[in-house]
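Asks: Got a sequence here, can you model it:
(one chain, ligands or ions: 2)
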Amino acid sequence: MVEKAFIQLCNISKAFGKVQANKNVSLDVKKGEILALLGENGSGKSTLVNMISGIYTPDSGEIFIDGKSMKFTCPNDAIRAKIGMVHQHFKLVDVLTAKENIIIGQKDSFFIKNSASENNIKNICEMYGLNLSLDKKIYNMSVGEKQTVEIVKVLYRGANVLILDEPTAVLTPQETKVLFEILKRLKNQGASIIIITHKLNEVMEISDRVTVLRSGESIGTVVTAETSPHELTQMMVGNEVLLEIKRDEPVRSDEPLLVVDSLEIKDSDGIKKLDGMSFELFGGEILGVAGIAGSGQKELCEIIAGLEKANSGRVVFKGENILGLSPRSIIKKGISMSFVPEDRLGMGLVAGMDITENVLLKSYAKNKGLFVDRKSGKKLAKEIVERFNISTPSINHVVKKLSGGNIQKVLLGREIDLNPHLLITAYPVRGLDIGASYNIYDVLNEQKAKGVGILFIGEDLDVLRELCDRIMVVHDGKIMDIVDPKNTSKDKLGLLMLGHKPGEESADND
Ligand code: ADP
Ligand code: MG
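Replies: Ligands and ions are numbered 1, 2, ... in the order given. You can find the predicted model right below:
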């Protein structure tokens, strides 16, 4: 039996002024299938799915749903055709509860009895194994929870097509796992799913087929089981790329730059978040930190940077105990932190300020002058924008209006300009596409060659293994081991992350 396509796009084109965002793109998705839409930033992914969800209308080409030609003129048309879209930026009302958010916008929501709709929502959650506190307000929710609300909202409206635009960009690896379980269940129930991502490992894990876009055109569709990350990358960027991160030999300093000794911190319930951490970091090396999110990485970074107080232990930088110094005095000593928290704008950057002002923020802390020299700030902002290839209309553009990748570049660019001796960087490539990620790795290697000591908190084990000179694996606030990436398998790293010390008896290490 030939399965027929449930969603079918035929030769879709769309231009915004001079920009041809999509050109003759065709694709199809069957029932019970997950199609990944892969492409670099700006390749036209969001534009394409926004036409399936009625936000944009194609200039030419046709959309078929279940064999019928559709002409959506607004999102409601698409919702009526049972198409559900989970946007990159959630469209939830913060002060309302999950339940209220799910129900509002329904044409007949006024007439539905509260209890009936609540039961309905509960049934949906049960059917797909979704965990949701219906009476919790959105502003009290984590990013993962908000996303679940969005998904339930879409299912509540009866969607059997689900489109997700970069849903994992904002999620931790754990939350991503939960999301993927949900998507698999939806797929097994017969839904057609389109997921946008630029993370190759996610494509390999979740999708049945992949359509690759480049500069608005479809480069082709391949069956996931028959392709490889290497082939996909090639399709995506158009030329042979070595999925290899350059790792120069470390130019390690003789003396350690940073000595962390028996660091301990407890939370308000007396639970140890750091449980006696001790390690050394040398100048001219990249020390990777691998661990499941929440294993103490955040606390470690914040203590070194002076943002958090330890209960006991020492942090010795160039022979001097810096524990307890203010962040400002620590910056002056040459320790720089570019930390990407769950919400990138939370720390280090001020969302409402423009690029120049954000750049000045840090140099102001370094130089003791009271006069903020906007002119030199502008020069510096310009340099950072050029060097990191930041796409922004100008250096006077408000930071919160930039894309995640560009915000990340502003953050890192500003830190590196301070000529730090020690650079702490956490998840610096989260949400960046391949080209931008490699850009960041190059910058880190450049810094390493200059003798800077780098603490790199990572999440992708492949990247950690390729980039770092040593990898420290943390679990539950403790250091499990510090290993040489060249002869440590991913499996072994995974076991250490879960708190297992692989025994000597396992002779089947690769
Ligand atoms: P992706 O989602 O793959 O990153 P997009 O679909 O957002 O790519 O963008 C494709 C191209 O279309 C980009 O060059 C982008 O700048 C442009 N574009 C997208 N939306 C608009 C818009 N509303 N107005 C003008 N240009 C746009
Ligand atoms: Mg997009």
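Asks: is it true that Ala310 lies in a strand?
Replies: No - under the criterion used here (DSSP: H, G, I helix; E, B strand; the rest coil), Ala310 is coil, not part of a strand.
Asks: how many other residues sit next to it?
Replies: Neighbourhood size, Ala310 [other Cβ atoms under 10 Å]: 23. C-beta here means a position set from N, CA and C on the backbone, and glycine is covered the same way.
Asks: That one is in contact with Leu274, isn't it?
Replies: Yes - Ala310 is within contact range of Leu274, at 7.2 Å (criterion: Cβ atoms under 8 Å).
Asks: joint contacts of the two?
Replies: Common neighbours of Ala310 and Leu274, counting by Cβ atoms under 8 Å, 6 or more residues apart in numbering, are Leu263, Glu264, Ile265, Ile303.
Asks: out of these, who's nearest Pro58?
Replies: Ile303 (53.1 Å; Cβ to Cβ).
Asks: Look up the closest residue to that closest one, ignoring the ones flanking it.
Replies: Ala310 (5.1 Å; Cβ to Cβ, 6 or more residues apart in numbering).
Asks: give the contact list for that neighbour.
Replies: Counted by Cβ under 8 Å, 6+ apart, Ala310 has contacts Leu263, Glu264, Ile265, Leu274, Ile303, Leu323.
Asks: Tell me which two in the residues you listed are the farthest apart.
Replies: Longest distance between any two of the contacts of Ala310 is 12.2 Å, between Leu274 and Leu323; criterion Cβ to Cβ.
Asks: what touches both of those two?
Replies: In the contact map built from Cβ under 8 Å, 6+ apart, the residues linked to both Leu274 and Leu323 are Ile303, Ala310, Gly313.
Asks: Just give me the closest of those residues to ligand 1.
Replies: Taking Cβ to the nearest ligand atom as the measure, ligand 1 sits nearest to Ile303 out of the shared contacts of Leu274 and Leu323, at 36.9 Å.
Asks: Alpha carbons of stretch 458-465, as PDB, please.
Replies: The C-alpha trace of stretch 458-465 is given here as PDB (Å, rounded to 0.1, in the frame of the first residue of the first chain):
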ATOM      1  CA  GLY A 458      29.100  22.000  27.500                       C
ATOM      2  CA  GLU A 459      26.200  19.800  26.700                       C
ATOM      3  CA  ASP A 460      27.100  18.100  23.400                       C
ATOM      4  CA  LEU A 461      29.500  15.300  24.200                       C
ATOM      5  CA  ASP A 462      30.900  15.200  20.700                       C
ATOM      6  CA  VAL A 463      31.800  18.800  20.900                       C
ATOM      7  CA  LEU A 464      33.300  18.400  24.300                       C
ATOM      8  CA  ARG A 465      35.400  15.500  23.100                       C
END
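Asks: And that stretch, what's buried?
Replies: Within stretch 458-465, the residues that qualify as buried are Gly458, Glu459, Asp460, Leu461, Val463, Leu464, Arg465, counting by 16 or more other Cβ atoms under 10 Å.
Asks: contacting residues around it?
Replies: 172-173, 201, 245, 288-290, 293, 427, 429-430, 437, 441, 456, 467-468, 471, 485, 488, 490, 493-494.
Asks: Also stretch 79-86?
Replies: Here stretch 79-86 makes contact (Cβ under 8 Å, 6+ apart) with 49, 52-55, 65, 70, 72, 75, 78, 147, 150-151, 153-155, 157-165, 167.
Asks: Stretch 204-223 too?
Replies: Here stretch 204-223 has contacts from 20-27, 33-40, 43-45, 47-48, 180, 183-184, 195, 203, 224, 227, 229, 231-232, 235-238, using Cβ under 8 Å, 6+ apart.
Asks: Who is the nearest residue to Ile194 once chain neighbours are set aside paired with across the strands?
Replies: In space, and not counting its chain neighbours, Ile194 is closest to Ile163: 4.7 Å by Cβ to Cβ, 6+ apart. On the basis of DSSP bridges, Ile163 is bridged to Met85, Ile194.
Asks: Quick check: next helix or strand after the strand or helix carrying Ile303?
Replies: Taking DSSP states H and E as the definition, Ile303 sits inside helix 297-304. Going down the chain from helix 297-304, the next helix or strand is strand 312-317, by DSSP H and E.
Asks: partners of the following helix or strand past that next one, with directions?
Replies: Beyond strand 312-317 in the direction of the C-terminus, DSSP H and E gives the next helix or strand as strand 320-321. Sheet pairing of strand 320-321 (DSSP bridges) gives strand 312-317 (antiparallel).
Asks: For the strand it pairs with, buried residues please.
Replies: Within strand 312-317, the residues that count as buried by 16+ other Cβ under 10 Å are Gly313, Val315, Val316, Phe317.
Asks: you'd agree Lys486 is in a helix?
Replies: Yes - counting by three-state DSSP, Lys486 falls inside a helix.
Asks: can you count the residues close to it?
Replies: Lys486 has 9 nearby residues by other Cβ under 10 Å.
Asks: From Leu461, how far out is it?
Replies: The gap separating Lys486 from Leu461 is 14 Å, by Cβ to Cβ, to the nearest Å.
Asks: Chain neighbours aside, what residue packs nearest to Val143?
Replies: In this structure, Val143 finds its nearest non-sequential neighbour in Val170, 4.8 Å apart by Cβ to Cβ, 6+ apart.
Asks: As TSV, the shared contacts of Leu274 and Leu323 with pLDDT and distance to Arg214 would be great.
Replies: Shown next, in TSV, are the shared contacts of Leu274 and Leu323 (pLDDT from 0 to 100; distance: Cβ to Cβ, whole Å):
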residue	pLDDT	distance to Arg214
Ile303	90	44
Ala310	92	49
Gly313	95	50
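Asks: now those residues in a markdown table, with distance to ligand 1?
Replies: Converted to a markdown table, the shared contacts of Leu274 and Leu323 look like this (distance: Cβ to the nearest ligand atom, whole Å):
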| residue | distance to ligand 1 |
| --- | --- |
| Ile303 | 37 |
| Ala310 | 42 |
| Gly313 | 44 |
